[in-house]
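**Student:** Sharing a model that was predicted from the sequence below.
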Amino acid sequence: IQQIHSMIDKVAPTMARVFIQGPNGSGKELVARALHYNSTRSEAPFVEVNCAAIPTELIESELFGHVKGAFTSAVKDRAGKFEAANGGTIFLDEIGDMSLSAQAKVLRALQEHKVARVGSEKDIDVNVRVVAATNKNLQKEIAEGNFREDLYHRLAVILIKVPALNDRREDIPLLVDFFATKISEEQGSVKKQFSQEAIQLLKTYNWTGNIRELRNVVERLIILGEKEISANDVKMFAIK
């Protein structure tokens, strides 16, 4: 965590494009948000796009918008995510799942700071900082022709690698305390403490779901555990 925070502190004030690599659930979105909210653009929009969750035929419309009549369901003009993020940051999560045609348009947006809505030839100026992330091996994707090498090099000015939670178990006590604080605030309840034995037991588990899984377990323990979360609570409710 300290290494990642040090990187964020150095990179956030700059306009450098950032590429975040790491497995699912490892906290890539948190890094992207930290970069935005520690930058000079913190008052401007932070717009997240999960490229893997959008059908291939809709990704260009989602990113760049469309004009009325561009396709069957385009009943009115619609701005895209790049326009929505103007002045701020756009976070392209799971960019490795983006179609090649959409990749070409993203590359143009980065090079020329312009986008065109689907069905329109009119260029729209955009001023956005792009942060991208993926859990894929993009060198392999490039070799197989699934990802543009020129886009990768355009995006990866700064590369931040977020390791799996199993590779940084020393962060677990800090993360547990952070999640316990956040969950208690969300629930409007008194923050529960975790015993040292409970923390040590959590550090021995195999966290295949990474930070996302750890947060879920912490929330479950807070709901079902005693006033102080014990090792016995962890054994009963962590379900490992």
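**Tutor:** Here it is on my side, so go on.
**Student:** Now do the helices in the protein.
**Tutor:** Secondary structure of the chain, counting by DSSP state H: helices at 2-11, 28-37, 59-64, 81-84, 100-112, 138-143, 149-155, 172-187, 196-202, 210-224, 231-237.
**Student:** I'd like the mean pLDDT over the shortest one, please.
**Tutor:** Predicted confidence along helix 81-84 averages 96 (mean pLDDT).
**Student:** And for that helix, what's in contact with it?
**Tutor:** For helix 81-84, contacts defined as Cβ atoms under 8 Å, 6 or more residues apart in numbering pick out 45, 47, 49, 62-65, 90, 109, 115, 124, 126, 128. Just so you know, the C-beta spots here come from the backbone N, C-alpha and C atoms, and that holds for glycine as well.
**Student:** next one: stretch 128-137
**Tutor:** Applying Cβ under 8 Å, 6+ apart, the set of residues contacting stretch 128-137 from outside is 15, 17-24, 28-29, 31-32, 35-36, 39, 41, 82, 85-97, 106, 109-110, 155.
**Student:** The same query, at a cut-off of 7 Å, please.
**Tutor:** Counting by Cβ atoms under 7 Å, 6 or more residues apart in numbering, stretch 128-137 makes contact with 15, 17-24, 28, 32, 35, 41, 82, 85-86, 88-96, 110, 155, all of which sit outside it.
**Student:** Output it as PDB - backbone C-alpha positions only.
**Tutor:** Taking only C-alpha atoms (Å, rounded to 0.1, in the frame of the first residue of the first chain), the coordinates of stretch 128-137 have been written out as PDB:
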ATOM      1  CA  VAL A 128      -9.700  14.600 -20.300                       C
ATOM      2  CA  ARG A 129      -7.100  12.600 -18.400                       C
ATOM      3  CA  VAL A 130      -7.200   8.900 -19.300                       C
ATOM      4  CA  VAL A 131      -6.500   6.200 -16.800                       C
ATOM      5  CA  ALA A 132      -6.900   2.700 -18.100                       C
ATOM      6  CA  ALA A 133      -6.800  -0.700 -16.400                       C
ATOM      7  CA  THR A 134      -6.900  -4.400 -17.300                       C
ATOM      8  CA  ASN A 135      -6.400  -7.800 -15.700                       C
ATOM      9  CA  LYS A 136      -5.200  -9.200 -19.100                       C
ATOM     10  CA  ASN A 137      -1.700  -9.700 -20.300                       C
END
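**Student:** List the buried residues for it?
**Tutor:** Across stretch 128-137, burial judged by 16 or more other Cβ atoms under 10 Å covers 128-135.
**Student:** Sort out which one of the residues you listed lies nearest Met7 for me.
**Tutor:** Val131 (12.7 Å; Cβ to Cβ).
**Student:** So which bits of stretch 78-85 are buried?
**Tutor:** For stretch 78-85, the neighbour count (16+ other Cβ under 10 Å) marks 78, 80-83, 85 as buried.
**Student:** Ends of it, what's the gap?
**Tutor:** 14 Å (Cα to Cα, to the nearest Å).
**Student:** re earlier: just the buried ones out of the contacts of helix 81-84, please.
**Tutor:** Those of those that meet the buried threshold are 47, 49, 62-65, 90, 109, 115, 124, 126, 128, by 16+ other Cβ under 10 Å.
**Student:** Take those and write them to TSV, including pLDDT and distance to Met7.
**Tutor:** Rendered in TSV, the data for the buried ones among the contacts of helix 81-84 read as follows (pLDDT from 0 to 100; distance: Cβ to Cβ, whole Å):
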residue	pLDDT	distance to Met7
Val47	97	22
Val49	96	23
Glu62	91	29
Leu63	94	27
Phe64	93	30
Gly65	89	33
Ile90	96	20
Ala109	91	25
Val115	92	29
Ile124	93	32
Val126	93	26
Val128	94	21
